[in-house]
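A.B. asks: Structural data only, the sequence is not supplied:
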């Protein structure tokens, strides 16, 4: 991990520029998805910004949760309708699933957490939405080609 960016994040926190620190951490998480410590730090920032549901989102994969973390994670689950699929998507974990397999989450929070962990570990399947997007894009490309050919044909008929 880039030490300079972490130093800048700490400086931003000391200057009480939590928005900038939050943005930097989002960038680091997308670059280093296996570093769960970054998620914990981002959760702390969201908690300081008075967004407990978002804090719970980033604390969700934390092994040893404090009572504040447990409360925030519960609030996050409620905001997602306690639906394991929605929670797993909202976590946006793109890291190595082996890390999640070794992760021992607190059993005291909810049974939903184990279901979410299973959803994150299982192989992603193409959803109907993904298939429809692919079909839609291909349809548009084919229509563009057809209209171009019709235009060229009409143009040559008009000239000759």
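C.D. replies: Good, I have the coordinates. Worth saying up front: this structure is predicted, and the values here are computed from it rather than measured.
A.B. asks: Burial check on residue 33, number of neighbours?
C.D. replies: Neighbourhood size, residue 33 [other Cβ atoms under 10 Å]: 16. Any C-beta I mention is one placed from the backbone N, CA and C, and that applies to glycine too.
A.B. asks: need the contact list for it.
C.D. replies: 93-96 (Cβ atoms under 8 Å, 6 or more residues apart in numbering).
A.B. asks: Residue 16 now?
C.D. replies: Applying Cβ under 8 Å, 6+ apart, no residues contact residue 16.
A.B. asks: Quick check: the gap between it and residue 75.
C.D. replies: 24 Å (Cβ to Cβ, to the nearest Å).
A.B. asks: Same list, the contacts of residue 33, but as TSV with secondary structure and neighbour count please.
C.D. replies: Output for the contacts of residue 33, formatted as TSV (DSSP: H, G, I helix; E, B strand; the rest coil; neighbours: other Cβ atoms under 10 Å):
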residue	secondary structure	neighbour count
93	coil	22
94	coil	9
95	coil	16
96	coil	11
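A.B. asks: Just name the closest of those to residue 122, please.
C.D. replies: Residue 122 has its nearest neighbour among those in residue 93, at 12.4 Å by Cβ to Cβ.
A.B. asks: Show residues contacting the one helix or strand in the chain whose mean pLDDT sits lowest.
C.D. replies: Lowest mean confidence among the helices and strands of the chain (mean pLDDT, DSSP states H and E): helix 112-121, at a mean of 77. Residues outside helix 112-121 that contact it (Cβ under 8 Å, 6+ apart): 60, 73, 77, 82, 84-85, 87-88, 91, 93, 97, 100-101, 103, 105-106.
A.B. asks: follow-up on the earlier one: and the contacts of residue 33 as JSON lines, adding distance to residue 151 and pLDDT?
C.D. replies: As requested, the contacts of residue 33 are arranged in JSON lines below (distance: Cβ to Cβ, whole Å; pLDDT from 0 to 100):
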{"residue": "93", "distance to residue 151": "47", "pLDDT": "85"}
{"residue": "94", "distance to residue 151": "43", "pLDDT": "83"}
{"residue": "95", "distance to residue 151": "48", "pLDDT": "83"}
{"residue": "96", "distance to residue 151": "50", "pLDDT": "82"}
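A.B. asks: Make a markdown table out of the residues you listed and add distance to residue 23.
C.D. replies: As requested, the contacts of residue 33 are exported to a markdown table (distance: Cβ to Cβ, whole Å):
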| residue | distance to residue 23 |
| --- | --- |
| 93 | 19 |
| 94 | 18 |
| 95 | 20 |
| 96 | 25 |
